[in-house]
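Visitor: predicted model, plus sequence, below.
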Amino acid sequence: MGRKDSQMHSIPIDHYRKQIGKQYKKQTNTNIREMKKHSESKSSTSKVYQDVRMVISGFAAVIVVVYSILYFWLYDDKPAN
């Protein structure tokens, strides 16, 4: 005849492993959500900083070009006597 343990659906070790797996899955799901939120916020803020940097560098480039044009236009190569 069979033993009493053979009629159980799963042995206690398998049940224990399933519980650990469920807890690990819950932890990873919350970690994934947090990482997604962090990456979305990081990507949106970095885009803003890139746009600001582009605008400021554009203004700086225009100022340098205008300054150099005025400098060479007003610069006199002839020495004064």
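Guide: Sure thing, it's come through. Numbers count the residues shown, from 1 in each chain.
Visitor: neighbours around residue 17, how many?
Guide: 12 (other Cβ atoms under 10 Å). Backbone N, C-alpha and C define where each C-beta goes, glycine included.
Visitor: helix or strand for it, which one?
Guide: helix 12-74 (DSSP states H and E).
Visitor: quick one: average confidence on stretch 32-48?
Guide: The average pLDDT within stretch 32-48 is 76.
Visitor: can you list the buried residues in that stretch?
Guide: Across stretch 32-48, burial judged by 16 or more other Cβ atoms under 10 Å covers no residue at all.
Visitor: quick one on the thing from earlier: so how far is the helix holding residue 17 off the chain centroid?
Guide: Per Cα atoms, centre = their mean, to the nearest Å, the displacement of helix 12-74 from the mean C-alpha position of its chain is 3 Å.
Visitor: poorly predicted segments of the protein, please.
Guide: Low-confidence segments of the chain (pLDDT under 70): 1-10, 25-27, 42-45, 76-81.
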